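In: Give me coordinates for this.
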Amino acid sequence: MSHRSGFVNLIGNPNAGKSTLMNQLVGERLSIITSKAQTTRHRIKGIVNGEDFQIVYSDTPGIVDPAYKMHEGMMQFVETSLSDADVILMVIEVGEKAIKNEKIFERLQKTSVPILIALNKMDLVNAEKVREFKEHWEKLLPQAEVIPISALKGKRVEMLLKRLKRHLPESPPIFPKTN
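Out: Just a heads-up that it's a prediction; the model follows:
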């Protein structure tokens with residue numbers, strides 16, 4: 001049996017559900033969850049170990065067009081996360097049609113890093129709307145795999161985890177596994 005390990009970096013617009021999803025994937029409340037935008041101001045990491053995998057998750061600030069110095073610093077965390085990821089997990093709220101920073105979107109279009117788009121909050125709209133937004137994002141980022149989920153309710157998060165593991169490189173654990 002092979003072992004897979006890697007860095008999965010969560011990116012997306014403010015309040016898309018990045019922190020909620022990370023907490024679901026890690027199984028702990030590591031990231032703050034609030035309706036207040038820009039609560040995550042730096043990268044928050046969480047490690048998940050399985051028998052044949054290790055994932056180091058990194059929750060990043062919401063993507064914005066920087067309006068002041070603090071935003072610039074926060075966007076630097078997002079830009080760095082695009083460079084050091086083995087898999088980019090983009091969290092998009094159903095209804096969103098764009099990322100709020102053109103420079104970051106252009107980098108996503110050009111990256112060779114696998115991208116999974118978690119189309120979040122699918123439980124708030126009907127199946128036709130989910131399909132419509134899934135197709136929209138498949139056209140915007142054709143190299144990405146779009147998976148509708150509900151991070152809050154845990155719907156399809158297990159399927160998302162399976163897809164993430166498939167994209168991790170074969171590698172021994174990055175950090176020692178503890179019991």
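In: ranges for the helices of this structure?
Out: Secondary structure of the chain (DSSP state H): helices located at 18-26, 69-83, 102-110, 127-140, 157-167.
In: which one of those helices has the lowest average pLDDT?
Out: Among these, helix 69-83 has the lowest mean pLDDT, at a mean of 60.
In: Quick one: the helices of the chain as CSV, columns for mean neighbour count and distance to residue 53 too.
Out: From N, CA and C alone the C-beta is placed, and that goes for glycine too. Below are the helices of the chain laid out as CSV (neighbours: other Cβ atoms under 10 Å; distance: least, Cβ to Cβ, whole Å):
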stretch, mean neighbour count, distance to residue 53
helix 18-26, 24, 12
helix 69-83, 15, 20
helix 102-110, 14, 25
helix 127-140, 14, 26
helix 157-167, 16, 5
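In: Adding distance to residue 177, write those out as a markdown table.
Out: As requested, the helices of the chain are exported to a markdown table (distance: least, Cβ to Cβ, whole Å):
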| stretch | distance to residue 177 |
| --- | --- |
| helix 18-26 | 15 |
| helix 69-83 | 24 |
| helix 102-110 | 32 |
| helix 127-140 | 35 |
| helix 157-167 | 15 |
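In: residues in contact with residue 165?
Out: Contact analysis of residue 165 by Cβ atoms under 8 Å, 6 or more residues apart in numbering lists 4, 50, 53, 55.
In: neighbours around the second one, how many?
Out: Looking back up the chat, that one is residue 50. Neighbour count of residue 50, defined by other Cβ atoms under 10 Å: 12.
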